[in-house]
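Asker: Need a 3D model of the sequence below.
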Amino acid sequence: MAHDPLWHLTLETGHGSLIRPETKSSLPKILRALKPLADRGSVEHGDWTFAAVPVPGGFRFDAGVRGWNGPLVTGYVATKGGGEAVWRQMAADRRSLGFPDVACPRPTVEPWLSAMFRANTLESMLLTDPVAQDRFHEALRAVAVWEQGVAWALLQYGRALATDAPLATPLAAEALDSDPTHKVMRETAARDVRRAVEVGANGTADLQRREAPKLSGTFASAVVAEGTRKGASDAARVVASVIRSCARLSLDALLIDQADALKIDWNILCGGWGQLLRLPHDPVWLEAKPIECAFAQEAGPQFVAERTGYLVCSESEGFSITYAFCYDGTTIVMPGRILVSPEGVTVEAPDRRSGELLTPMADSIAERVIQVFLLLNARNAPVEVGDAEDVSKLNRKRAQMGRPPVLSTAPVRWDLSRIERRAKRQGEAFGPEQRRQAVAALVRGHVKVRKTGAFWWSPYVRSGIGPDPRETGRDYVVRP
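Answerer: Coordinates of the predicted model:
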């Protein structure tokens, strides 16, 4: 593989795969789904969207995921004898997009397929929250199969332009606005695309494992430093000014893992909104290290932010969230707010571009904050809130030196010692395996019948031991 010119092309462009005859037999369903692409020039299938145009000697196509801003990849298919013309088209497109020239020779075996990541798309959803990370990882695994399917469909049903025909209109790069947040996200995405180092015949891609996070101290301190530097975004300045004086909580990895296991039922939430989702402070800053959580090991640390932060403020019909994260040592505060109420989740953004960046991640960010609030408000969950470190003396010295303050946070832990003590009294084992299986469950509101009458029991969060709370919980029969 190291001597394959497309291997070098992959290193330059972020993704690539060869058309191989043995793959054709595994793609009949994809071929049938993509046949209209050759006739109409566009087709949608499930979450995927495709668009294709004939070019001299072959075809150019875009493949994307519904809801993302633009295509995930742009691919090129060369017919037999059309490789040189398609290569010229690809080079023209890359120059138009501002991408570097491909530093490798043109493939000699035809037909061939090449594909490149579109960095302007990656910036809108790359490495910002668990759901977006999962979707991105899944898309990476699936996109090569779809690339090959598109290539076979176009070769079988499409009609390429003559090799001496004029080049198709080059791809146009999106206008790059000057907002500092957008600029940082573009640079972050571009760095990760350059890190793509392994693409197999099936098209799965991986990124180099990052070094351990270099950010020290609390994330709140990093956000304040970001918000007070020259050229900071408006969003960073606003968040920095608020979190200086508001309550700040640091959530440990085990608590985040427990929150991740909670399944959200919107009907239950609406029935007990004020009780279940009461803010511990107003406003409140929540921060976590998702790179230390269980889902980071499953998705891969390279797909997970080092730090995340949520500034939550009460609103007339719920609460708002301003989201920040640190990836690859870069602190980013997202412009706009996520509004959460019994009516659902909406995005309030200062401009269209900011809305496009925030909307794909809004639901998962809101879900994470809801899950944390459920545990913080639970009556019987083993949550322990510690005291924040006193850094007033340190900050006086920093102020004299003209440095931004260091902000301490109150640690919030998922403390299983109470459950462990109970297990010990009952003679039960509670080792590492039992600790991993300690879960929380959101219990529906229900009626309890007592001698004096029937009583409504409000929705609440219950903690228990076992891989599934239903296995260790009790079933109650409510009789009229």
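Asker: give me the number of residues near the closest residue to Lys80 other than its chain neighbours?
Answerer: Of all residues not flanking Lys80 in the chain, Glu110 sits nearest, at 4.9 Å (C-beta to C-beta, 6 or more residues apart in numbering). For every residue, glycine as well, the C-beta is placed using N, CA and C. Neighbour count for Glu110, taken as other C-beta atoms under 10 Å: 17.
Asker: name the element Glu110 belongs to?
Answerer: Secondary structure from DSSP states H and E places Glu110 outside every helix and strand.
Asker: residues touching Glu84, list them.
Answerer: By C-beta atoms under 8 Å, 6 or more residues apart in numbering, the contact set of Glu84 is 57, 106, 163.
Asker: I figured Glu315 hits Ser341, correct?
Answerer: Yes - with contact defined as C-beta atoms under 8 Å, Glu315 counts as touching Ser341 (7.2 Å).
Asker: follow-up on the earlier one: top of the contacts of Glu84 by neighbour count?
Answerer: Using other C-beta under 10 Å as the neighbour test, these are led by Gly57, with 27 neighbours.
Asker: sorry, back to before: tell me the contacts of the residue nearest to Lys80?
Answerer: Glu110 makes contact with 78-83, according to C-beta under 8 Å, 6+ apart.
Asker: Ok, Glu315 next?
Answerer: By C-beta under 8 Å, 6+ apart, the neighbours of Glu315 are 339, 341.
Asker: One more: Lys35?
Answerer: Applying C-beta under 8 Å, 6+ apart to Lys35 gives the contacts 153, 157.
Asker: What does the residue nearest to Thr409 when sequence neighbours are not counted show for phi and psi?
Answerer: Distances taken as C-beta to C-beta, 6+ apart put Ser250 closest to Thr409, at 3.8 Å, once the chain neighbours are dropped. Per-residue torsions, Ser250: phi -110, psi 120 (degrees, to the nearest 10).
Asker: Relative to Tyr327, how far out is Ser250?
Answerer: Separation of Ser250 from Tyr327 (C-beta to C-beta, to the nearest Å): 18 Å.
Asker: more neighbours, these two?
Answerer: Legend: neighbour count by other C-beta under 10 Å for Ser250 and Tyr327, higher for Tyr327 (25 against 22).
Asker: nearest spatial neighbour of that one, skipping sequence neighbours?
Answerer: Once flanking residues are discounted, Tyr327 sits nearest to Ala305: 4.8 Å by C-beta to C-beta, 6+ apart.
Asker: Make sure that neighbour is actually in contact with Cys326.
Answerer: Yes - counting by C-beta under 8 Å, Ala305 touches Cys326, with 6.3 Å between them.
Asker: what sits against Pro411?
Answerer: Pro411 touches 249-250, 252, 385-386, counting by C-beta under 8 Å, 6+ apart.
Asker: per-residue pLDDT, the residue nearest to Lys80?
Answerer: For Glu110, the model assigns a pLDDT of 82.
Asker: Over to Gly329?
Answerer: With respect to pLDDT, Gly329 scores 75.
Asker: That one: neighbour count?
Answerer: Neighbours of Gly329 (other C-beta under 10 Å): 13.
Asker: picking up where we left off before, so which one among the contacts of Glu84 has the lowest pLDDT?
Answerer: Among the contacts of Glu84, pLDDT bottoms out at Arg106, giving 77.
Asker: Look at that residue and give its secondary structure.
Answerer: Using DSSP: H, G, I helix; E, B strand; the rest coil, the structure places Arg106 in coil.
Asker: Leaving out the residues flanking it, which one is nearest to it?
Answerer: Nearest to Arg106 is Trp87, by C-beta to C-beta, 6+ apart, at 4.6 Å.
Asker: Check Tyr157 too.
Answerer: Nearest in space to Tyr157, with sequence neighbours left out and distances taken as C-beta to C-beta, 6+ apart, is Ala38 at 3.8 Å.
Asker: wait, doesn't that neighbour sit right on Leu155?
Answerer: No - assessed by C-beta under 8 Å, Ala38 is found out of contact with Leu155, at 9.3 Å.
Asker: which other helices and strands contact the helix or strand that contains Cys270?
Answerer: According to DSSP H and E, Cys270 maps onto helix 266-271. Using 3 or more C-beta pairs under 8 Å, 6 or more residues apart in numbering; DSSP states H and E as the contact test, no helix or strand touches helix 266-271.
Asker: Confirm that the residue nearest to Tyr327 sits in a helix.
Answerer: No - the assignment for Ala305, made by three-state DSSP, is coil rather than a helix.
Asker: Give me the neighbour count for it.
Answerer: 23.
Asker: next one: Glu343
Answerer: By other C-beta under 10 Å, the residues close to Glu343 number 10.
Asker: And the one 10 residues further on, by the same measure?
Answerer: Number of residues near Arg353 (other C-beta under 10 Å) recorded here: 19.
Asker: cool, the one 10 residues further on as well?
Answerer: For Asp363, the number of neighbouring residues by other C-beta under 10 Å comes to 17.
Asker: my read: it touches Val345, true?
Answerer: Yes - with contact defined as C-beta under 8 Å, Asp363 reaches Val345; the gap is 5.6 Å.
Asker: which residues are common contacts for the two?
Answerer: Among the neighbours of Asp363, none is also in contact with Val345 (C-beta under 8 Å, 6+ apart).
Asker: Is Ile365 in contact with Ile338, as I believe?
Answerer: Yes - contact status for Ile365 versus Ile338: in contact at 5.7 Å, counting by C-beta under 8 Å.
Asker: joint contacts of the two?
Answerer: Common neighbours of Ile365 and Ile338, counting by C-beta under 8 Å, 6+ apart, are 321, 323.
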